[in-house]
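J.: 3D, please:
(chains A and B)
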Amino acid sequence: AQSVTQLGSHVSVSEGALVLLRCNYSSSVPPYLFWYVQYPNQGLQLLLKYTSAATLVKGINGFEAEFKKSETSFHLTKPSAHMSDAAEYFCAVSANTGNQFYFGTGTSLTVIP
Amino acid sequence: DTGVSQNPRHKITKRGQNVTFRCDPISEHNRLYWYRQTLGQGPEFLTYFQNEAQLEKSRLLSDRFSAERPKGSFSTLEIQRTEQGDSAMYLCASSDAERDLRETQYFGPGTRLLVL
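T.: Got it, this is the predicted structure:
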């Protein structure tokens, strides 16, 4: 079975500060891992995905995530937060091609000016 | 083609009525997924198609729900005898299983359903 846990349903950071959103996964097979962002009243936009080619994955808008098998984690980071980063962020895991994604409950990021 | 589209974007209906949503995937994407998202939660899988074949259904998909993808292109999701608990955002996603080994799913903007 596959699942993800996102620690912290709400995270607040100051503009220019480091963003760290946590995701831990559970999977009985090597996982495929994704981070999506959702702005109000919109669908989900892909930020980045883990392809197993490299443990550090770079995505759009300056975000990156590091796959750590020993910690079963795939935390999302950004060195310097912008006001435009305020949104809901979802981590997802998929074990096999064609199967459903299992999403976490999301983390709402607030950026304080 | 700019992405996955869904219609309508918003639907308000009375309890007991039937509703139908449409999803147009990215051209040539052979897989199409339906998810439901309630307030404060992540999307939950409902069902998916490979071409016109419906390959997997979640137990969340009660017998009041039916999905079709008759020609392997657009898909419809129908809810019969709607209940207030059906109020949610219904998301559609598509992927290209032949070209994208990691099966990235691209999401539409969703249809927000409110059952009164």
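J.: in chain B, what spans have low per-residue confidence?
T.: Scanning chain B for pLDDT under 70 picks out the ranges B:1, B:98-102.
J.: which residues in it form helices?
T.: With DSSP state H, there are no helices along chain B.
J.: what residues are up against the nearest residue to A:Gly43 once chain neighbours are set aside?
T.: In this structure, A:Gly43 finds its nearest non-sequential neighbour in B:Phe107, 4.0 Å apart by Cβ to Cβ, 6 or more residues apart in numbering or on different chains. Every residue, glycine included, has its C-beta placed from N, CA and C. Each residue near B:Phe107 by Cβ atoms under 8 Å, 6 or more residues apart in numbering or on different chains is listed here: A:Tyr36, A:Gly43, A:Leu44, A:Gln45, B:Val4, B:Leu91, B:Cys92, B:Ala93.
J.: what pairs with B:Phe107 across the strands?
T.: B:Ala93 (DSSP bridges).
J.: re earlier: quick one: which of the contacts of B:Phe107 is nearest B:Gln41?
T.: Ranked by distance to B:Gln41 (Cβ to Cβ), the contacts of B:Phe107 are led by B:Leu91 at 11.8 Å.
J.: give me every residue that touches that closest one.
T.: Applying Cβ under 8 Å, 6+ apart, we find B:Leu91 in contact with A:Gly43, A:Leu44, B:Gln6, B:Trp34, B:Tyr35, B:Arg36, B:Gln37, B:Pro43, B:Phe107, B:Gly108, B:Gly110.
J.: now it: how far from A:Thr55?
T.: Applying Cβ to Cβ, to the nearest Å, the value for B:Leu91 to A:Thr55 is 29 Å.
J.: Chain B contacts on chain A?
T.: A:9, A:32, A:34, A:36, A:41-46, A:49, A:51, A:90, A:92, A:94, A:97-106 (Cβ under 8 Å from any Cβ of the partner chain).
J.: Just the buried residues from those, in ChimeraX please.
T.: The buried subset of the residues of chain A next to chain B, as determined by 16 or more other Cβ atoms under 10 Å in any protein chain shown, is captured in ChimeraX by this line:
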select /A:32,34,36,43,44,45,46,49,90,92,94,99,100,101,102,103,104,106
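J.: Nearest the geometric middle of chain B, what residue?
T.: Closest to where the C-alpha atoms of chain B average out (Cα atoms, centre = their mean) is B:Trp34, at 3.1 Å.
J.: Which residue is the nearest non-sequential neighbour of it?
T.: B:Trp34's closest residue in space is B:Leu46 (Cβ to Cβ, 6+ apart), at 4.3 Å.
J.: Same check on A:Val19?
T.: A:Lys78 (4.1 Å).
J.: The one you found: what's it in contact with?
T.: A:Leu18, A:Val19, A:Asn61, A:Gly62, A:Phe63, A:Glu64, A:Asp85.
J.: Find the pair from these with maximum spatial separation.
T.: A:Leu18 and A:Asn61 (14.7 Å).
J.: pLDDT at A:Gly98, what is it?
T.: Model confidence at A:Gly98, given as pLDDT, is 55.
J.: Parallel or antiparallel, which strands does the one helix or strand A:Phe34 maps to pair with?
T.: In the assignment (DSSP states H and E), A:Phe34 maps to strand A:32-38. Paired with strand A:32-38 in the same sheet, following DSSP bridges, are strand A:44-49 (antiparallel), strand A:87-94 (antiparallel).
J.: Now the shortest one: average pLDDT?
T.: For strand A:44-49, the mean pLDDT works out to 92.
J.: any idea which helix or strand comes after it?
T.: With DSSP H and E, the next secondary element past strand A:44-49 is strand A:56-58.
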